[in-house]
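> for reference, the sequence and a predicted model appear below.
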Amino acid sequence: MTLLKWKDEYSVSVPALDAQHKELFAMSNELYSAIKDGKGAQATPDILPKLAAYVGKHFDNEEKLMLRANYPKYDSHKTEHEKFAAEVTKMAKQIESGKSADGLELLNHLQKWLLSHILTIDKQYSSHLLNNIEQG
């Protein structure tokens, strides 16, 4: 089952970052499928660490490209990443402690944040990276 379907409008025109965004969609859809199949409580503790690690890797890659391109909104973008990473860590701790195990809160938050972040925040760096990354 699919919750998030990739559309061309989500592209930031940087193939490596688009591929990572697609992987985040795939992980979200994996969790969605598990929840729909009634296996959210079992799947969330497995999916969440993988998701958290991948989010960290993606943020690191994106931030390195922004620095390399001397992106002027780097600091505010990094702050958005840090806020989201802290939220994912908080949810992971709640799940590990047994306070929340079905993944619905995580899934809803991930879906909203991912789409909003890509369409508003990430789209802002597209032309800057395209115009400046090849020079370095």
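Good, I have the coordinates.
> sec struct for residue 56, please.
Secondary structure assignment for residue 56 (DSSP: H, G, I helix; E, B strand; the rest coil): helix.
> gap between the closest residue to it other than its chain neighbours and residue 54?
Sequence neighbours aside, residue 85 is the residue nearest to residue 56 in space, at 6.6 Å (criterion: CB to CB, 6 or more residues apart in numbering). C-betas here are computed from N, CA, C, even on glycine. Residue 85 is 11 Å from residue 54, where distance means CB to CB, to the nearest Å.
> what's the neighbour count on the residue nearest to residue 56?
14 (other CB atoms under 10 Å).
> let me see the contact set for it.
With contact taken as CB atoms under 8 Å, 6 or more residues apart in numbering, residue 85 is in contact with 52, 55-56, 59.
> name the element it belongs to?
Element membership for residue 85, per DSSP states H and E: helix 74-96.
> helices or strands up against whichever helix or strand comes after that helix?
Using DSSP H and E, the next helix or strand after helix 74-96 towards the C-terminus is helix 104-116. Judged by 3 or more CB pairs under 8 Å, 6 or more residues apart in numbering; DSSP states H and E, helix 104-116 is in contact with helix 15-36, helix 40-68, helix 74-96.
> in helix 104-116, what's buried?
Using 16 or more other CB atoms under 10 Å as the test for burial, helix 104-116 gives 106-107, 110-111, 114.
> and which of these is nearest to residue 45?
residue 106 (11.0 Å; CB to CB).
> so the closest one touches residue 48, yeah?
Yes: the pair residue 106 / residue 48 is scored as a contact, 6.9 Å apart, by CB atoms under 8 Å.
> which neighbours do these two share?
With CB under 8 Å, 6+ apart as the test, residue 106 and residue 48 both reach 88, 91, 95.
> okay if I get the buried residues of helix 104-116 as a markdown table plus pLDDT?
As requested, the buried residues of helix 104-116 are exported to a markdown table (pLDDT from 0 to 100):
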| residue | pLDDT |
| --- | --- |
| 106 | 74 |
| 107 | 77 |
| 110 | 80 |
| 111 | 85 |
| 114 | 89 |
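> report the helix or strand with the lowest average pLDDT across this structure.
helix 104-116 (a mean of 83; mean pLDDT, DSSP states H and E).
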